[in-house]
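Undergrad: Let me see the structure of the following:
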Amino acid sequence: MSIQSKYQEAALFAAEKHQIQNVPGTKANYFLHLSNVAMEILIASSHTPNFDVEFAIQVALLHDTLEDTHTSFAEITEIFGPYVAQAVLALTKDDQLPQEEQIFDSIERIKKLQPEVWAVKLADRISNLQPPPEHWNGDRVMKYKEQSEKIHLLLKDGNEYLAKRLDEVIKKYP
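TA: Okay, here's the model as predicted:
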C-alpha cells in the first residue's frame, strides 16, 4: 500500500473517531491538530535519513484516538497492525496515574520504541504550542511551557529536525 493510501486510511479513521471534538480553546475541528502533526512528520521525514514515514504518518494521525475517543487498542491493532497500535498506546497517557505523572510515564514508554514514535511526540508538542486557550491563566501557560521544555530534553535525540523545531517554538511560546 502506498504512503498516500496509508495516509488516507488513517486520516479517515481518525477524522471519524474525532468528529465531535474541537481543538481546545477554538471552534476548529480536532482533525486540524492531527493534520498539523502529520505535516510536521512529513517534513521531518525529508530531513531525516532512514525515517519510516509510512509508519510515522499513521501514528501521527492516530496518536490521540485511544486517549480521546472510544477507540480500542484491539481496533487499532486489527486495522493498522500491532506496531502502529503499540506506538499509539505509548503516546496515550494513562489516566489511572496522577495527572503530573501521566506525560512522563508516556515518555518512558515512547523511549522504548523506534525513533519515529519519539518524532510523533515532538511533532504533537509543536502543534500543541499554538497560542494557549483564553481560559488558561499565566501559571498554567508557564507550567505547559516548562513541561514542553522537559519533553524536548527527554526526546530531543529521537529526531534532530523536530527537536530543533520544538526548541524554536518553545522560545516563542508566551
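Undergrad: other SSEs contacting the helix or strand harbouring D105?
TA: Element membership for D105 (DSSP states H and E) is helix 99-110. Secondary-structure packing of helix 99-110 (3 or more CB pairs under 8 Å, 6 or more residues apart in numbering; DSSP states H and E): helix 82-90, helix 115-128, helix 138-155. In short, each C-beta sits where N, CA and C put it, glycine included.
Undergrad: out of those, deepest packed?
TA: Mean neighbour counts were compared across the helices and strands packed on helix 99-110 using mean count of other CB atoms under 10 Å; the top stretch is helix 115-128, at a mean of 25.
Undergrad: ok, residues contacting that one?
TA: 33, 36-37, 40-41, 44, 48, 51-52, 55-56, 59-60, 63, 87, 90-91, 106-107, 110-111, 148, 151-152, 155-159, 162-163, 165-166, 169 (CB atoms under 8 Å, 6 or more residues apart in numbering).
Undergrad: picking that back up, figure out which of the helices and strands packed on helix 99-110 is closest to Q102.
TA: Across these, Q102 has its closest neighbour in helix 138-155 (10.7 Å, CB to CB).
Undergrad: residues in contact with Y83?
TA: F55.
Undergrad: how close does it sit to E160?
TA: Separation of Y83 from E160 (CB to CB, to the nearest Å): 23 Å.
Undergrad: and if you look at Y30?
TA: 29 Å.
Undergrad: sorry, back to before: using neighbour counts, pick out the buried residues of the helix holding D105.
TA: Going by neighbour count (16 or more other CB atoms under 10 Å), the buried part of helix 99-110 is Q102, I103, S106, I107, R109, I110.
Undergrad: ok, and what's touching it?
TA: Helix 99-110 is contacted from outside by 89-95, 97, 117-118, 121, 147, 150-151, 154-155, using CB under 8 Å, 6+ apart.
Undergrad: farthest pair in those residues?
TA: Greatest spacing in the contacts of helix 99-110, by CB to CB: D95 and W118 (22.2 Å).
Undergrad: Since that was my last question, I'll sign off now.
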